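Mind looking at a prediction? Sequence and model below.
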Amino acid sequence: MIKLQKPDSFYDVFDRRGPDAKTTHYCPGCGHGTVHKLIAEAVDDLGVQDRVVLCAPVGCSVFAYYYFDWGCVQAAHGRAPAVGTAVRRVLDDAIVMSYQGDGDLAGIGLGALVHAANRGERMAVFFVNNAIYGMTGGQMAPTTLIGQRTLTTPEGRNILGEGHPLGMCEIVSALKAPVYIERVSLGDAGRVMKARKAIRKALENQVERRGFSFVEILSPCPINWKMTPLEARKWLIDNLEPAFPVRNFRDDSASAPAAPPAPARPDDQTILDLFRSEKGDDFAVPARTAPLEDQMVKIAGFGGQGVMSAGILLSNCVIAEGVHATWLPSYGPEMRGGTAYSSVVVSQDPIGSPVVQNPNVLIAMNGPSLDAFEDTVEPGGLIIVNSSLVQRRVKRSDVRAVHLPVSEIARDAGVIQAAALVALGVYAEISGVIAIDTLRKVIPLSLKKKALVEVNLRALDAGIASYRALPAGG
Ligand SMILES: Cc1ncc(C[n+]2csc(CCOP(=O)(O)OP(=O)(O)O)c2C)c(N)n1
Ligand code: SF4
């Protein structure tokens, strides 16, 4: 049934920035609005609005989330299929779709698209092909036609310099996994009705848990084609359609097997029990009872200082005490001697993101780390500085700074590689984030070489003793 009214899947008001922006931001005659409407109507009809997660692109449709009243994730340029893959893996029941332009999908994001298609990710990809980079003002796109004039091909696209237009349905058709592949057009009302059907089919496949669907929609960009909306529709039919034939490329929807439901994910208690049982029957640490403020920890230094293993150790201790933790490693691009840091988030509530942008705890194991991250620390936060290698003091006056020669302490204890562990012990001592006793129990389980247990524990104790011996305030 065709409804001549706003789909429920659209917000009532497109409340973008400020009081004045309450309408669509698309140019007159743009195809994006039409495609939005077709998708919103299909979702309404299928009754799945509450389950939709749309991975929005970079391009003119970057503001998709201002229009659609459902879950939206903004992906980096071209990476919507990769983000969709992640969403799919954690939300088994979601209706996952990506919405992408030609620069986004066929240019910068070609790899992400091809691999998602090749894996047969259970998602619907809506590819809006207007043969130009719309948002940035009309540069050549991978799908720009031979001879088509754009900002970057003022004489027209030339095969010799710029190659041939990429047929994305043709490329996706070369892969075995995709279930449904169709190219449609917005050239006139009849064509829009066919586009409507294809979009619906791709979403039905989602509802029925059937694989990867790809719908390419030839769409006008009057402003960058330098035409009126009517001229643009005609040009689309006369020029785009011959280069990109409108047709079905594959429809295995009826025969493709429906994905079985993913196994139920274990609850937090089960994960904790598993963790404890993996560590051995006699492993037990007291569960944490005192409330804990969220900790956003960055342990930064260079390779060989133990910044990664200190982060893992912290996370393991926290989990052993029954609290949530995430650990995220980050390595500099250098082969050797580059910066490396681990980010650890600790919270009594489930953690949404492992990224630590503004730590409330920074352990700076060398000078470049302090230089890079001192200003990012939250006011009132804690900075522990390895004064063996950092020549200067912390400049900030709105944070607590503790300067301790942790490399020397570790070396004197007999294990220079435990420098970050020494700093971690000091952090635990200052903050109470984990019990020192928990650290002492988890360290032996974390070390592959049992001969190193004793020296590591000695380094830990020496660090805590040095901290206690500091004048008040560190
Ligand atoms: C990493 C990165 N590179 C480049 C850009 C600039 N940029 C923004 S939109 C765009 C092209 C979008 O074109 P298309 O995907 O065809 O979508 P349309 O705007 O035509 O809908 C580019 C290159 C960016 N935002 N990020
Ligand atoms: S520039 Fe083109 S694609 Fe972008 S909103 Fe305008 S008409 Fe649409």
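Cool, got the structure. Numbering: from 1, shown residues only. Ligands and ions are numbered 1, 2, ... in the order given.

Now the residue nearest to the spatial centre of the chain: closest residue in space, sequence neighbours ignored.
By CA atoms, centre = their mean, the chain has its centre lying nearest to residue 83, at 5.8 Å. Nearest residue to residue 83, sequence neighbours excluded (CB to CB, 6 or more residues apart in numbering): residue 75, at 4.1 Å. C-beta here means a position set from N, CA and C on the backbone, and glycine is covered the same way.

mind checking how far that neighbour is from residue 371?
Remark: distance between residue 75 and residue 371 (CB to CB, to the nearest Å) = 32 Å.

quick revisit: so what does the residue nearest to the centre of the chain have for phi and psi?
phi -70, psi -40 (degrees, to the nearest 10).

And it, how far from ligand 1?
According to CB to the nearest ligand atom, to the nearest Å, residue 83 and ligand 1 sit 14 Å apart.

Run through the residues that contact residue 235.
By CB atoms under 8 Å, 6 or more residues apart in numbering, the residues touching residue 235 are 220, 225, 227.

Residue 453 too?
443, 444, 447.

Which of those has the largest number of neighbours?
Using other CB atoms under 10 Å as the neighbour test, the contacts of residue 453 are led by residue 443, with 22 neighbours.

Thought residue 460 was touching that residue, still the case?
Yes - using CB atoms under 8 Å, residue 443 makes contact with residue 460 at a distance of 7.0 Å.

so what sits against both of those two?
residue 421.

quick one: contacts for the closest residue to residue 221 other than its chain neighbours?
Of all residues not flanking residue 221 in the chain, residue 130 sits nearest, at 4.0 Å (CB to CB, 6+ apart). Counting by CB under 8 Å, 6+ apart, residue 130 makes contact with 31, 101, 102, 141, 218, 219, 220, 221, 224.

Which of those residues fall in helices?
Per DSSP state H, helices hold the following members of those: 31, 102, 224.

My understanding was that the second one contacts residue 145; is that so?
So the one you mean is residue 102. No - if you go by CB under 8 Å, residue 102 and residue 145 don't touch, sitting 11.5 Å apart.

Who has more neighbours out of the two?
Using other CB under 10 Å, the more surrounded residue of residue 102 and residue 145 is residue 102, with 26 against 20.

List the residues that contact that one.
127, 128, 129, 130, 131, 132, 133, 141, 142, 143, 168.

can I get these in CSV with secondary structure and distance to residue 119?
Shown next, in CSV, are the contacts of residue 102 (DSSP: H, G, I helix; E, B strand; the rest coil; distance: CB to CB, whole Å):
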residue, secondary structure, distance to residue 119
127, strand, 17
128, strand, 23
129, strand, 23
130, coil, 27
131, coil, 28
132, coil, 29
133, strand, 28
141, coil, 25
142, coil, 22
143, coil, 24
168, helix, 17
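
In this protein, what residue comes closest to ligand 1?
residue 101 (2.3 Å; CB to the nearest ligand atom).

Specify the beta-bridge partners of that residue.
residue 128 (DSSP bridges).

packing partners for the top helix by length along the chain?
For the chain, the longest helix by residue count, based on DSSP H, is helix 189-207. On a contact count with 3 or more CB pairs under 8 Å, 6 or more residues apart in numbering; DSSP states H and E, helix 189-207 meets helix 31-46, strand 95-101, strand 124-129, strand 180-185, strand 213-218.

State the mean pLDDT of that helix.
The pLDDT scores in helix 189-207 average 98.

in that helix, what counts as buried?
The neighbour-count check on helix 189-207 (16 or more other CB atoms under 10 Å) flags 191-192, 194-196, 198-206 as buried.

Just send the residues you listed back as JSON lines, with distance to ligand 1 too.
JSON lines is the format used below for these (distance: CB to the nearest ligand atom, whole Å):
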{"residue": "191", "distance to ligand 1": "19"}
{"residue": "192", "distance to ligand 1": "18"}
{"residue": "194", "distance to ligand 1": "21"}
{"residue": "195", "distance to ligand 1": "16"}
{"residue": "196", "distance to ligand 1": "20"}
{"residue": "198", "distance to ligand 1": "19"}
{"residue": "199", "distance to ligand 1": "17"}
{"residue": "200", "distance to ligand 1": "22"}
{"residue": "201", "distance to ligand 1": "23"}
{"residue": "202", "distance to ligand 1": "19"}
{"residue": "203", "distance to ligand 1": "21"}
{"residue": "204", "distance to ligand 1": "25"}
{"residue": "205", "distance to ligand 1": "24"}
{"residue": "206", "distance to ligand 1": "23"}
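
Nearest to residue 252, out of the residues you listed: which one, please.
Comparing the buried residues of helix 189-207 against residue 252 with CB to CB places residue 205 closest, at 9.5 Å.

does that closest one really touch residue 180, like I thought?
Yes - the pair residue 205 and residue 180 qualifies as a contact (CB under 8 Å) at a distance of 5.7 Å.

Please enumerate the shared neighbours of these two.
Taking CB under 8 Å, 6+ apart as the contact rule, residue 205 and residue 180 both touch 211, 213, 253.

Neighbour-wise, which one of those residues leads?
residue 213 (29 neighbours).

you'd agree it is up against residue 200?
No - the criterion here is CB under 8 Å, and residue 213 misses it with residue 200 at 10.6 Å.

where do the contact lists of these two overlap?
Here residue 213 and residue 200 have no joint contacts, going by CB under 8 Å, 6+ apart.

follow-up on the earlier one: find residues that contact each of residue 102 and residue 145.
The contact lists of residue 102 and residue 145 share residue 131, where a contact means CB under 8 Å, 6+ apart.

would you say residue 344 is within a strand?
Yes - according to DSSP: H, G, I helix; E, B strand; the rest coil, residue 344 belongs to a strand.

Please read off the pLDDT at the residue nearest to residue 83 from the model.
95.

Quick one: residues contacting it.
Residues counted as contacts of residue 75 (CB under 8 Å, 6+ apart) are 55, 56, 57, 58, 82, 83, 84, 98.

Those residues of this protein touching ligand 2, which are they?
26, 27, 30, 32, 60, 130, 134, 135, 221, 222, 223, 224 (CB under 6 Å from any ligand atom).

at 5 Å instead, please
26, 27, 30, 60, 134, 221, 223 (CB under 5 Å from any ligand atom).

What are the phi and psi values at the residue in the stretch 251-400 of the chain that ligand 2 sits nearest to?
For the stretch 251-400 of the chain, the residue closest to ligand 2 is residue 251, as judged by CB to the nearest ligand atom, at 28.3 Å. Torsion angles at residue 251 (phi, psi; degrees, to the nearest 10) stand at phi -140, psi 90.
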